[in-house]
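Engineer: The amino acid sequence is not available; the structure is as follows:
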């Protein structure tokens, strides 16, 4: 997981993703009513990001990822201090771009859960 996110094609010509940090990841396969079910929970995935055009950098965090509740994923965007020099226009531009990335990261998580179920 730590290196997976930097290889994801996010479709952005504005930002690039770096290495991720994963906090408390639990995965298991249970059999319920005769069917296999993959359960995976991750407390937090923090992915470093950087601009492809200027010095903007930061961290993108997805918290409370759970295969049991696929709609409850919280995205938080952090900017490294001084990387934007208090430019609110750039900040809004990067926030919009990073919010688009959320869907790609969530789909990647759901794909990992599917792979766990197939094994």
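Structural biologist: Right, received. Where do you want to start? Quick caveat: nothing in here was measured; it's all calculated off a predicted structure.
Engineer: from here on, contacts and neighbour counts on C-alpha atoms
Structural biologist: OK.
Engineer: what residue ranges in the protein are flagged as low confidence?
Structural biologist: Along the chain, segments meeting pLDDT under 70 span 1-2, 5, 69-73, 85, 113, 116-119.
Engineer: need the strands for it, in chain order.
Structural biologist: Using DSSP state E, the strands of the chain run over 15-32, 35-51, 57-66, 74-79.
Engineer: Buried residues in the longest one, which are they?
Structural biologist: Counting neighbours by 16 or more other Cα atoms under 10 Å, one finds that the buried residues in strand 15-32 are 15-20, 22.
Engineer: Give the other helices and strands that it contacts.
Structural biologist: strand 35-51, helix 88-118 (3 or more Cα pairs under 8 Å, 6 or more residues apart in numbering; DSSP states H and E).
Engineer: So residue 101 versus residue 14, what's the distance?
Structural biologist: In this view, residue 101 and residue 14 are 11 Å apart by Cα to Cα, to the nearest Å.
Engineer: ok, back up a step: out of the helices and strands packed on strand 15-32, which gets nearest to residue 61?
Structural biologist: strand 35-51 (4.4 Å; Cα to Cα).
Engineer: tell me the angle the closest one makes with strand 15-32.
Structural biologist: Interaxial angle, strand 35-51 versus strand 15-32 (axes from the mean of the first three to the mean of the last three Cα atoms, to 10 degrees): 170 degrees.
Engineer: Packing partners of strand 35-51?
Structural biologist: If you count contacts as 3+ Cα pairs under 8 Å, 6+ apart, strand 35-51 packs onto strand 15-32, strand 57-66, helix 88-118.
Engineer: Let me have the ones you listed in JSON lines, extended by distance to residue 79.
Structural biologist: What follows is these, written out as JSON lines (distance: least, Cα to Cα, whole Å):
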{"stretch": "strand 15-32", "distance to residue 79": "13"}
{"stretch": "strand 57-66", "distance to residue 79": "4"}
{"stretch": "helix 88-118", "distance to residue 79": "8"}
